[in-house]
Structures are given as structure tokens and as C-alpha cells.
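[1] Sharing a model prediction with you, sequence too.
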Amino acid sequence: MENFKITLYRAIGFVYIPKCLKDRKGEVILHISDTPYSFFYPLKKVIKKLKPDYIIHTGDLVDNIKLEFCHYSLYTYTKRLRILVDILENSKAKKIYVCVGNHDEKETIKKLSKRIHIVEKSKNIKIKNLNLRISHYSDEIIKNPLEYNLFGHDLSIKNKIDKERVYLNGIESINIIDVDNGEVTNLPYPFGLDDERLGKGKVGL
């Protein structure tokens, strides 16, 4: 039944949140990355149901707009980004970290944000007893990996545990980390999101 619900939610463009996550008592981190505009509403629903205590977005905030190649799309990027920033900042998360991706514009993020912590290349952060390294790029992560390593950009490194270090790719899955015990739950994105990320028929390509 659980697998059926996961598939059904993915098929209609949403994310299934298991009851154990919704009914939890401890704090969790929500990690996402490379989010196209079509995912903003499903993300809003995820945040409403999950109520994450911390949110980490590892870059390419409006990923269907490839700003690195098409800077003329900055106006549309800004309009879309404002929606995402509102979703993130209207959450009850204690802290929100956003890494600047290659298709992002730092000054625009800074202008629209009120309580987001902006990370340019990489940053080591501590949430309770968890040591995390966060970056848009996996090659920034592997320079000095920590206990938990969060990134996006591409799939050159996928989710894995290597030498007691946890690597979480926010493109491969939505990652939920239990702050108290360090356990990770990987939730699948809706079907078709990778096509959006690749920009098939979308603005900016």
C-alpha cells in the first residue's frame, strides 16, 4: 500500500510524506536541490505537512531557467525566485540555508531574502550534534567532507555512505535527516521533474 501511495503521488505531481515523518516528535532537516518552477507548489505542500525545523537548498533555485547561459531571463528568474523565497521564508523553519548554484544570481537572492543564509561556494554548519558540509557542487564537498555532505548540480556522486560519511544528492531525492539520531529518509520527486531540470521546452534554453 505504501509503494502504491508513493507512485500515485508522484504520478499526480506531488510527494508522499510517510505517516512516521508527519507524526515524529524530533526535529528534521529538509534538503532539496535544483528545483524547477513546477516543483514549487508540491514543495509548499511538503513543507506544510513535514514542518521541517531546518531547510537546506543546495542551489539552482529556478532550475528550468538556465541563467548561466541565458542572462536575459533574469526578469523571469526573479519573478519565479520571489515565489520560492516566500515559500521557504513563510515556513516555520528555524534556519534556512541556500547555496548559490551556477544558474543562480547571488545579488537577486540577497535582495529578495530576509532570513535566508546564503552560501556561495561551500560552508560547514553544525545543527545540534550533526556536522554538515553544504554546497551546490560535489567537487567542493569532496575537498573536505564531513559527517553529512549535501549537494546538487549533477549526479556525478549519488546518495551513499562511504567511510561513515553520508553523501546526499538533492537531485536524486528529497532528503530528510533526523536531527536527533542522524537517520536519513529519501523521498522521490514527482515523475517528470528531471525533464524540467533539463529544460525541455522551458524558459531560458
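    Perfect, I can see it now.
[2] Quick check: the residue most central in space within the chain vs Tyr72, distance?
    If you average the C-alpha coordinates of the chain and look for the closest C-alpha using Cα atoms, centre = their mean, you land on Ile32, 1.4 Å from that point. Going from Ile32 to Tyr72 by Cβ to Cβ, to the nearest Å gives 27 Å. Any C-beta I mention is one placed from the backbone N, CA and C, and that applies to glycine too.
[3] got it, and Lys126?
    Lys126 sits 40 Å away from Tyr72, going by Cβ to Cβ.
[4] swap in Leu187?
    Here the criterion is Cβ to Cβ. By it, Leu187 lies 35 Å from Tyr72.
[5] These two - which one has more neighbours?
    Set Leu187 next to Tyr72 and count neighbours by other Cβ atoms under 10 Å: Leu187 wins out with 20 against 10.
[6] Give me the pLDDT for the more buried one.
    For Leu187, the model assigns a pLDDT of 97.
[7] Check Gly199 too.
    So Gly199 comes in at 67 (pLDDT).
[8] do Lys202 as well
    41.
[9] just Asn3 next, same as before
    88.
[10] Doesn't it lie inside a helix?
    Yes - checked against DSSP: H, G, I helix; E, B strand; the rest coil, Asn3 lies within a helix.
[11] count of residues packed around it?
    8.
[12] Relative to Asp195, how far out is it?
    Distance from Asn3 to Asp195, counting by Cβ to Cβ: 23 Å.
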